[in-house]
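Asks: Generate coordinates for the sequence data below:
(one chain, ligands or ions: 1)
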Amino acid sequence: MITKSLAVLGSTGSIGTQALEVSAHLGIKIDAISANSNIILLEEQVRKFKPALCHVSDVNKGKELEIKLADTPTKVIYGADRLTEAVELSNADTLLTSVVGSVGLLPTIAGIDKGMKIALANKETLVTAGALVTERAKEKNVPIIPVDSEHSAIFQALQGNKAEQVKNIILTASGGPFFGKTRKELENVTVKDALKHPNWSMGAKITIDSATLMNKGLEVIEARWLFNTKNIKVVVHRESVVHSMVEYADNSVIAQMGVPSMMLPIQYALTYPERLDGCAKALDFEKYSSLTFYKPDTDTFGLLKLGFLCMNEGESSTIAYNSANEVAVKYFLEEKIRFTDIEKVVKTVVENHRKCSIKSIDDCVAADMESRKKAEEMIGSML
Ligand code: MG
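Replies: Have a look, this model is predicted:
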């Protein structure tokens with residue numbers, strides 16, 4: 001089903017702004033937009049795309065925006081606790097979840113319950129509640145189409161083939177800005193160093209996750225739920241041209257390639273199963289005289305190794321893994337802890353979390369809060 005109208009959660013972020021551009025190109029109506037606090041950009045977006053609904057998480061900013069937009073028919077609602085309501089109020093046929101962190105979970109569930117097609121750019125949703133979310137989507141007959149570039153690549157490489165004939169899913173990783181560095185060298189890297197990604201321009205949180213390889217750990221867990229397999233490998237590919245691959249029983253490997261641009265996976269999620277004239281640039285092979293592949297250094301970047309361990313342990317571990325990281329990255333970006341402390345905090349919280357079975361969304365939310373609290377306490381004692 002090609003998307004006709006879209007609700008965008010995280011509309012002022014990197015994925016959100018590109019999704020609005022892709023939508024304008026494809027003539028998709030924007031029905032609802034939502035962002036944390038960037039009301040300057042939100043106002044521009046409302047005036048340009050004329051959504052029926054605009055949600056702002058920050059209450060004061062929301063009140064300000066409501067006054068600014070009084071001359072438009074757009075309804076403005078605000079408050080972090082009303083993000084799910086924004087989805088419930090929207091009449092869009094597709095929900096793009098491109099918020100950062102596990103706050104994406106409840107609104108995504110609301111979208112599934114409404115029968116909206118889910119274009120998922122929020123990996124934390126599946127890391128936190130993969131089993132529950134995928135089961136719920138199946139029950140409601142709702143497709144979850146990945147927007148994450150690696151998962152979009154795998155989704156594309158699976159088309160026309162049988163899932164039971166997949167031998168391995170091979171996720172590519174750019175290796176981030178600290179590829180080739182030793183553990184010792186990582187001790188004194190700064191926020192500025194960590195925010196310099198070689199190929200992708202993204203939000204701050206995911207850029208730090210790419211530097212620690214935590215992002216790849218989260219993507220391994222995301223892939224486990226999207227494609228229902230634990231046969232997942234990671235290979236470092238510095239050029240970010242091969243976006244990921246699927247290896248089949250006969251050892252044939254199907255890769256999806258393209259320029260490193262999120263326009264492509266965003267567009268495919270909106271037009272699947274069609275391929276329409278796109279916003280992304282064509283791949284110029286002459287610019288890439290060689291494509292390189294390496295084994296990831298999981299001794300230096302321990303969070304990737306830990307991601308596989310958590311995937312095998314189960315959901316309470318993957319929740320602890322994600323929540324502790326969200327907290328630690330926040331403190332690193334505020335320059336209160338060191339880069340290498342992120343791994344220390346996540347490891348300790350995962351090792352000491354209360355292992356339990358996750359049977360409901362309430363269980364997920366409770367486990368998430370518990371691990372956040374543990375991470376906050378640990379960092380508090382380090383400051
Ligand atoms: Mg990715």
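Asks: From now on I want contacts and neighbour counts done on CA atoms only, so please keep to that.
Replies: Fine.
Asks: Contact residues of this structure facing the ion?
Replies: By CA under 5 Å from the ion, the residues of the chain that approach the ion are Asp148, Ser149.
Asks: Would you map out the domains in the chain?
Replies: 5-146, 149-267+284-298, 315-383 (automatic domain parsing).
Asks: Kindly state which of these is positioned closest to Phe308.
Replies: domain 149-267+284-298 (6.7 Å; CA to CA).
Asks: Distance from that closest one to the middle of the chain?
Replies: Mean-position distance between domain 149-267+284-298 and its chain equals 13 Å (CA atoms, centre = their mean, to the nearest Å).
Asks: looking at the chain, which residue lies furthest from center?
Replies: Asp71 (34.7 Å; CA atoms, centre = their mean).
Asks: Redo the domains of the chain as a markdown table? Include mean pLDDT.
Replies: Shown next, in a markdown table, are the domains of the chain (pLDDT from 0 to 100):
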| stretch | mean pLDDT |
| --- | --- |
| domain 5-146 | 97 |
| domain 149-267+284-298 | 95 |
| domain 315-383 | 96 |
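Asks: For the one residue in the stretch 201-350 of the chain that gets nearest to the ion, list the residues it contacts.
Replies: Of the residues in the stretch 201-350 of the chain, the one nearest the ion is Glu219, at a distance of 6.7 Å by CA to the ion. For Glu219, the contacting residues are Lys123, by CA atoms under 8 Å, 6 or more residues apart in numbering.
Asks: can you redo the domains of the chain as TSV with distance to Pro273?
Replies: Converted to TSV, the domains of the chain look like this (distance: least, CA to CA, whole Å):
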stretch	distance to Pro273
domain 5-146	10
domain 149-267+284-298	9
domain 315-383	31
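Asks: hey, C-alpha coordinates of the helix ranked longest in the chain in PDB?
Replies: Counting residues, the longest helix found in the chain (DSSP state H) is helix 361-382. C-alpha atoms of helix 361-382 as PDB (Å, rounded to 0.1, in the frame of the first residue of the first chain):
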ATOM      1  CA  ILE A 361       3.700  -3.200  27.900                       C
ATOM      2  CA  ASP A 362       3.400  -2.300  31.600                       C
ATOM      3  CA  ASP A 363       6.200  -4.800  32.400                       C
ATOM      4  CA  CYS A 364       8.400  -3.100  29.700                       C
ATOM      5  CA  VAL A 365       7.700   0.400  31.000                       C
ATOM      6  CA  ALA A 366       8.500  -0.800  34.600                       C
ATOM      7  CA  ALA A 367      11.700  -2.500  33.600                       C
ATOM      8  CA  ASP A 368      12.800   0.500  31.600                       C
ATOM      9  CA  MET A 369      12.200   2.800  34.600                       C
ATOM     10  CA  GLU A 370      14.100   0.500  36.900                       C
ATOM     11  CA  SER A 371      17.200   0.400  34.600                       C
ATOM     12  CA  ARG A 372      17.100   4.100  34.100                       C
ATOM     13  CA  LYS A 373      17.100   4.600  37.800                       C
ATOM     14  CA  LYS A 374      20.100   2.200  38.300                       C
ATOM     15  CA  ALA A 375      22.000   4.000  35.500                       C
ATOM     16  CA  GLU A 376      21.200   7.400  37.100                       C
ATOM     17  CA  GLU A 377      22.400   6.100  40.500                       C
ATOM     18  CA  MET A 378      25.600   4.700  39.100                       C
ATOM     19  CA  ILE A 379      26.400   7.900  37.300                       C
ATOM     20  CA  GLY A 380      25.500  10.000  40.400                       C
ATOM     21  CA  SER A 381      28.200   8.100  42.300                       C
ATOM     22  CA  MET A 382      30.700   8.800  39.600                       C
END
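Asks: how deep is Tyr288 tucked in, by neighbour count?
Replies: 10 (other CA atoms under 10 Å).
Asks: Could you measure from it over to Tyr294?
Replies: Distance of Tyr288 to Tyr294, computed by CA to CA, to the nearest Å: 17 Å.
Asks: for Val345, same thing?
Replies: The gap separating Val345 from Tyr294 is 27 Å, by CA to CA.
Asks: So for the two, which sits in the more crowded spot?
Replies: Val345 (22 against 14).
Asks: The stretch 1-150 of the chain: strands as residue ranges?
Replies: 5-9, 29-35, 53-56, 75-78, 94-97, 117-120, 144-146 (DSSP state E, counting those that start in this stretch).
Asks: export these to a markdown table and tack on distance to Ala173?
Replies: Shown next, in a markdown table, are those (distance: least, CA to CA, whole Å):
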| stretch | distance to Ala173 |
| --- | --- |
| strand 5-9 | 26 |
| strand 29-35 | 28 |
| strand 53-56 | 33 |
| strand 75-78 | 37 |
| strand 94-97 | 22 |
| strand 117-120 | 19 |
| strand 144-146 | 17 |
